[in-house]
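S.K.: here is a sequence with its predicted model. Questions after.
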Amino acid sequence: MSLNTVRHDYKITKANREELRGHKSLLLWFTGLSGSGKSTLANLVETALYKEGISTFSLDGDNIRKGINKDLSFAPNDRTENIRRIAEIANLMVDAGVVTLAAFVSPYIKDREDIKTIVGADNFIEIYVNTSLEECERRDVKGLYKKARAGEIKNMTGISAPYEAPINPDVEIKTDDQSIEVSVQTILDFIIQKLK
Ligand SMILES: Nc1ncnc2c1ncn2[C@@H]1O[C@H](COP(=O)(O)OS(=O)(=O)O)[C@@H](OP(=O)(O)O)[C@H]1O
Ligand SMILES: Nc1ncnc2c1ncn2[C@@H]1O[C@H](COP(=O)(O)OP(=O)(O)O)[C@@H](O)[C@H]1O
């Protein structure tokens with residue numbers, strides 16, 4: 001669709017904003033099943049970065065699915081639109097010079113490829129929180145798996161909707177047998193050089 005809009009070139013660029021803040025900006029994208037540990041890890045990674053004086057912002061279900069995306073369901077097309085809008089928001093945040101953390105199930109490979117295109121491959125870090133369905137169900141943090149097994153929730157990822165695992169993620173965290181502390185440190189070790 002052509003809207004005849006013209007892009008204005010602003011004088012202050014992402015590079016200027018990164019220089020002012022003293023670090024690069026990146027999108028850290030956490031993908032995995034519900035209950036895999038995305039929010040837990042994103043939260044702790046953000047806290048560690050904040051303590052190092054790095055500007056951060058977290059996007060997750062609370063500020064997205066209850067806000068800008070409250071019109072979207074868990075049907076495949078709506079999940080795709082959910083992720084597309086989040087990627088566009090994340091792109092603005094990264095452009096603003098902020099290290100942005102996003103924790104979403106994001107079950108489709110194609111949708112995650114599209115995020116990379118929107119924010120730029122150099123700005124995108126895919127973190128696969130690889131927790132087995134058995135372990136997620138054992139945790140059942142929000143009681144959703146029990147409801148899904150009882151047929152009370154449709155399209156539940158891992159039960160009645162697919163999860164397409166990343167083929168070549170930047171970081172893979174296997175939380176079934178790795179502590180939270182080691183998981184956080186693994187992520188920090190991977191990104192810290194990239195922020196310089
Ligand atoms: N059907 C179904 N499948 C998966 N998850 C469900 C579903 N219904 C509700 N929830 C809750 O919504 C959270 C997932 O939302 P996302 O925006 O991350 O999903 S997606 O990326 O659009 O697939 C997810 O949050 P997390 O547990 O933090 O992953 C669930 O709490
Ligand atoms: N190594 C680990 N990494 C992350 N979470 C873990 C790990 N081991 C156990 N957990 C627990 O798993 C649960 C994950 O829940 P949550 O972070 O809400 O998952 P998600 O955001 O993927 O739905 C938390 O209760 C957390 O304490």
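M.R.: Perfect, thanks for sending it. Ligands and ions are numbered 1, 2, ... in the order given.
S.K.: what parts of this structure come near ligand 1?
M.R.: Residues of the chain that fall close to ligand 1, judged by CB under 6 Å from any ligand atom: 34-35, 38-39, 61, 65, 74, 79, 82-83, 104-107, 142, 144, 153, 155-157. Any C-beta I mention is one placed from the backbone N, CA and C, and that applies to glycine too.
S.K.: ok, stretch 101-111 near ligand 2 or not?
M.R.: Yes: counting by CB under 6 Å from any ligand atom, ligand 2 has neighbours in stretch 101-111: A103.
S.K.: please disregard the earlier target; I meant stretch 61-72.
M.R.: No: residues of stretch 61-72 contacting ligand 2 under CB under 6 Å from any ligand atom: none, with a closest distance of 8.0 Å.
S.K.: what's the average pLDDT for that stretch?
M.R.: Averaged over stretch 61-72, pLDDT sits at 92.
S.K.: pull the CA atoms of it into CSV?
M.R.: Taking Å, rounded to 0.1, in the frame of the first residue of the first chain, the C-alpha atoms of stretch 61-72 are listed here in CSV:
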residue,chain,number,x,y,z
GLY,A,61,3.2,-10.0,27.8
ASP,A,62,2.2,-7.6,30.5
ASN,A,63,2.9,-4.4,28.6
ILE,A,64,2.1,-5.7,25.2
ARG,A,65,-0.8,-8.2,25.2
LYS,A,66,-2.7,-6.2,27.7
GLY,A,67,-2.0,-2.9,25.8
ILE,A,68,-1.2,-2.3,22.2
ASN,A,69,-1.9,-5.9,21.2
LYS,A,70,-5.0,-6.5,23.3
ASP,A,71,-7.0,-7.1,20.1
LEU,A,72,-5.0,-10.2,19.2
